[in-house]
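**Student:** Test case, fold it:
(one chain, ligands or ions: 2)
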Amino acid sequence: MSIQTLTTTPFDGQKPGTSGLRKKVTVFQQPHYLENFVQALFDELHGDAPASGHTLVLGGDGRFHNRSAVQTILKMAAARGYSQVLVGQGGILSTPATSAVIRRRGASGGIILSASHNPGGPDGDFGIKYNATNGGPAPEKLTEAVFERTRSLSSYRISDAADIPLDTQGAHQMEGMGIEVIDPVADYAAVQRELFDFDAIRRLFASGFRLRYDAMWAVGGPYAKAIIEGELGAPAGTVVNAEPKEDFGGLHPDPNPVYADDLVAQLMGAGAPDMGAASDGDADRNMILGRGFIVSPSDSLAVLTAHAQRVPGYRRGLAGVARSMPTSTAVDRVARAMGVACFETPTGWKFFGNLLDAGQVTLCGEESYGTGSDHVREKDGLWAVLFWLNLVAVTGQSVEELVRGVWREHGRCMYSRHDYEGIPTERADALMAELRNRLSSLAGQTVAGQHIAWADDFSYTDPVDGSVSQRQGVRVVLEDSSRVVFRLSGTGTEGATLRVYLERHEPDATRHDLPVQQALAPLVQLAGELAGIERHTGMGSPSVMT
Ligand code: VG1
Ligand code: CO
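**Tutor:** Residues are numbered from 1 along each chain as shown. Ligands and ions are numbered 1, 2, ... in the order given. I've put the predicted structure just below:
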């Protein structure tokens, strides 16, 4: 074995987005591409010093290219002098499980190989992200510094050792670095056991309660099987599409009513189970359904907040809650009534990290099917499902009854997100630039029959470290507090995606069953006119509505 120094050509403008670096597999397969990112990361983390004394956690969602990337990173970590790498068996670790392993084992950080909900396979997407010692996504400061380094890198160091067998647990050595192939589920399951009333959930399943958990052929499968079927006694077959596949069965592992349409059909049809759930590629997202009923992620966060104290892990109450800016204000209303602080952060889980570390919030969530708490520093799909199961078990209420209870008390936030995908980047930029130019003149104007109270481009000052993140999305708020939010996606790999978030609060319970898109139609018209969506994109309607 020896360590080689290879000459490399730097990246060209490959700036990481909302959640690490995501590109087509073919981009990651280019010579030195992954290596450049990893070397820049190690340099940024350790300067010129060897990484001795440091433990790195490593794993991914099992998508195509996962295994080869794991081997490359092991060899680079060995060349960098890491003391130890903990790697999930088969190269597998879900995003929340990586966070749990980092925290429980006191590691310095972890590398997650995933493009989350983006499709996989040779023609699909791949991604890499670094999580810090708190178990959470690296702060913007670090990812920007890594990006800067990738532009000037001239070489990287890698061991020429043989590949490590990943399929059995056990210990190995490489250039003096210890490698432990670990059970990907154990630490994660231990965390969940401390939070939830497993006995109550076991009794729920024993009484005949039926759940259908769709793992979407992604990494959530092994976790859900082990915990829901293995420990909680749900019947075999409760977790479907459970084996992680390199191409997610050719599907889009994104748990929303569009991509998990089969699950929705099961829950809407005759003989539907009591509850449905799904998780995404790296198992940090969740979708919850009741029989004949779809729960919106924003409502889910509000329900978990309202009932948190019924769950052992949150019995002492909530320090505070947080939601991303475009997420509906349902949780704000619940929190206000409970006297709990509520924070509004930019999109992306990294912004919750400081608040969680400082003990200022306990629960947090995003409209994009992400919910989580201070138990780890990532959103956690299966955690949300266990939370809902625990609530159903101890309240005796169905999923639908739990949601309707919150609507009754606080009104319903009619909510939808419209995505316009695959827009040529310059056109999307032009749309946003034009909108931003008009912002200061919008207050007091009437557009498409709607009276605009105020408009701005969301800027966030982190209450803990004072760092400022600007231009996080255009908000247009009406006099009745309805709002439209515009932002461009930071996770796509083809062209640009415009996200339009629509929200209107409906206090009148007799109108809670109006179809959401109908209730939001005036806002859709406003959004179209304000941003000139069709003029800029040529698209008369969104490509995905959730
Ligand atoms: C999207 C979601 C955002 C989420 C991010 C990562 O980002 O909108 O809420 O945090 O994906 O989720 P964007 O920039 O495309 O809107 V995951 O599960 O994909 O890592
Ligand atoms: Co994800």
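**Student:** Would you map the strands across the stretch 151-300 of the chain?
**Tutor:** Counting by DSSP state E, counting those that start in this stretch, the stretch 151-300 of the chain has these strands, from start to end: 155-159, 170-174, 177-182, 211-214, 239-240, 275-279, 286-290, 293-294.
**Student:** So which of the ones you listed is nearest ligand 2?
**Tutor:** Among those, strand 275-279 comes nearest to ligand 2, with 8.3 Å by CB to the ion. Where you see a C-beta, it was placed from the backbone N, CA and C, and this is true even at glycine.
**Student:** list the helices and strands the closest one packs on?
**Tutor:** For strand 275-279, the contact count by 3 or more CB pairs under 8 Å, 6 or more residues apart in numbering; DSSP states H and E identifies strand 211-214, helix 261-268, strand 286-290, helix 381-395 as packing neighbours.
**Student:** Switch those over to JSON lines; also include distance to residue 1, mean pLDDT and mean neighbour count.
**Tutor:** Below are the helices and strands packed on strand 275-279 laid out as JSON lines (distance: least, CB to CB, whole Å; pLDDT from 0 to 100; neighbours: other CB atoms under 10 Å):
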{"stretch": "strand 211-214", "distance to residue 1": "44", "mean pLDDT": "98", "mean neighbour count": "25"}
{"stretch": "helix 261-268", "distance to residue 1": "48", "mean pLDDT": "96", "mean neighbour count": "16"}
{"stretch": "strand 286-290", "distance to residue 1": "43", "mean pLDDT": "98", "mean neighbour count": "27"}
{"stretch": "helix 381-395", "distance to residue 1": "39", "mean pLDDT": "98", "mean neighbour count": "24"}
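**Student:** and ligand 2, which of these is closest to it?
**Tutor:** Judged by CB to the ion, the one of these that comes nearest to ligand 2 is helix 381-395, at 7.9 Å.
**Student:** The helices and strands packed on strand 275-279: which one's closest to ligand 1?
**Tutor:** Of all those, it is helix 381-395 that lies closest to ligand 1, at 8.7 Å by CB to the nearest ligand atom.
**Student:** quick check: angle from the closest one to strand 275-279?
**Tutor:** Between the direction of helix 381-395 and that of strand 275-279, the angle (axes from the mean of the first three to the mean of the last three CA atoms, to 10 degrees) works out to 160 degrees.
**Student:** Quick one: name whatever helix or strand follows helix 381-395.
**Tutor:** Proceeding C-terminally, helix 381-395 gives way to helix 399-410 as the next helix or strand, assigned by DSSP states H and E.
**Student:** and the residue of the chain found nearest ligand 2, what is it in contact with?
**Tutor:** Nearest to ligand 2 in the chain, going by CB to the ion, is residue 116, at a distance of 3.1 Å. For residue 116, the contacting residues are 19, 22, 61, 95, 127, 280, 281, 282, 284, 285, 491, taking CB atoms under 8 Å, 6 or more residues apart in numbering as the criterion.
**Student:** so residue 352 touches residue 321, yeah?
**Tutor:** No: because the distance of 10.2 Å does not satisfy CB atoms under 8 Å, residue 352 is recorded as not touching residue 321.
**Student:** Between those two, which contacts overlap?
**Tutor:** When CB under 8 Å, 6+ apart defines a contact, the residues bordering residue 352 and residue 321 alike are 361, 364.
**Student:** Make CSV out of the helices and strands packed on strand 275-279 and add distance to ligand 1.
**Tutor:** Shown next, in CSV, are those (distance: least, CB to the nearest ligand atom, whole Å):
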stretch, distance to ligand 1
strand 211-214, 16
helix 261-268, 17
strand 286-290, 10
helix 381-395, 9
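**Student:** Now those in a markdown table, please, with extra columns for distance to residue 78.
**Tutor:** Conversion of the helices and strands packed on strand 275-279 to a markdown table gives the following (distance: least, CB to CB, whole Å):
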| stretch | distance to residue 78 |
| --- | --- |
| strand 211-214 | 38 |
| helix 261-268 | 42 |
| strand 286-290 | 36 |
| helix 381-395 | 32 |
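**Student:** Specify the stretch among these that is closest to residue 299.
**Tutor:** Across the helices and strands packed on strand 275-279, the minimum distance to residue 299, taken as CB to CB, is reached by strand 286-290, at 9.1 Å.
**Student:** Skipping adjacent residues, who's closest to residue 79 in space?
**Tutor:** On the basis of CB to CB, 6 or more residues apart in numbering, the spatially nearest residue to residue 79 that is not a chain neighbour turns out to be residue 157, at 4.1 Å.
**Student:** what does the model give the one you found for pLDDT?
**Tutor:** With respect to pLDDT, residue 157 has a value of 95.
**Student:** So which bits of the lowest-mean-pLDDT helix or strand in the chain are buried?
**Tutor:** Of all the helices and strands that make up the chain, strand 3-7 has the lowest average by mean pLDDT, DSSP states H and E, namely a mean of 81. By 16 or more other CB atoms under 10 Å, the buried positions in strand 3-7 come out as residue 3.
**Student:** same question, stretch 29-38
**Tutor:** Going by neighbour count (16+ other CB under 10 Å), the buried part of stretch 29-38 is 29, 32, 33, 34, 35, 36, 37, 38.
**Student:** and the helix or strand containing residue 475, what other elements does it pack with?
**Tutor:** Take DSSP H and E as the rule and residue 475 turns out to sit in strand 474-478. Contact analysis of strand 474-478 by 3+ CB pairs under 8 Å, 6+ apart lists helix 425-438, strand 450-457, strand 483-488 as its packing neighbours.
**Student:** so how far is it off the chain centroid?
**Tutor:** The chain centroid and the centroid of strand 474-478 are separated by 25 Å, computed with CA atoms, centre = their mean, to the nearest Å.
**Student:** does any bit of it sit next to ligand 1?
**Tutor:** No: Strand 474-478 lies out of reach of ligand 1 by CB under 6 Å from any ligand atom, never closer than 13.9 Å.
**Student:** who does that strand pair up with?
**Tutor:** Partner strands for strand 474-478, per DSSP bridges, with pairing direction: strand 450-457 (antiparallel), strand 483-488 (antiparallel).
**Student:** Can you lay out the ones you listed as TSV showing mean neighbour count, distance to ligand 1 and mean pLDDT?
**Tutor:** What follows is the strands paired with strand 474-478, written out as TSV (neighbours: other CB atoms under 10 Å; distance: least, CB to the nearest ligand atom, whole Å; pLDDT from 0 to 100):
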stretch	mean neighbour count	distance to ligand 1	mean pLDDT
strand 450-457	17	16	95
strand 483-488	23	7	97
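**Student:** I'd like to know which of these is closest to residue 47.
**Tutor:** Residue 47 lies closest to strand 483-488 among the strands paired with strand 474-478, at 34.2 Å (CB to CB).
**Student:** what comes up buried for stretch 219-230?
**Tutor:** Buried residues in stretch 219-230, defined by neighbour count with 16+ other CB under 10 Å: 219, 220, 221, 222, 223, 224, 225, 226, 227, 228, 229.
**Student:** quick check: mean pLDDT across stretch 354-370?
**Tutor:** Predicted confidence along stretch 354-370 averages 97 (mean pLDDT).
**Student:** touching ligand 1 at all, that stretch?
**Tutor:** Yes: for a cut-off given as CB under 6 Å from any ligand atom, stretch 354-370 has contacts with ligand 1, namely 366, 368, 370.
**Student:** for that stretch, which positions count as buried?
**Tutor:** By neighbour count, and taking 16+ other CB under 10 Å as the criterion, the buried residues in stretch 354-370 are 354-357, 360-370.
**Student:** hmm, back to that, I'd like the strands paired with strand 474-478 written out as CSV, with distance to residue 401 added.
**Tutor:** Supplementary listing: the strands paired with strand 474-478 in CSV, determined by distance: least, CB to CB, whole Å:
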stretch, distance to residue 401
strand 450-457, 34
strand 483-488, 28
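**Student:** and residue 180, which of the ones you listed is closest to it?
**Tutor:** Closest approach to residue 180 among the strands paired with strand 474-478 (CB to CB): strand 483-488, 40.9 Å.
**Student:** what's the next secondary structure element after that closest one?
**Tutor:** With DSSP H and E setting the assignment, the helix or strand that follows strand 483-488 is strand 496-506.
**Student:** shouldn't residue 407 be in contact with residue 511?
**Tutor:** No: contact criterion CB under 8 Å: residue 407 and residue 511 do not qualify, at 10.5 Å.
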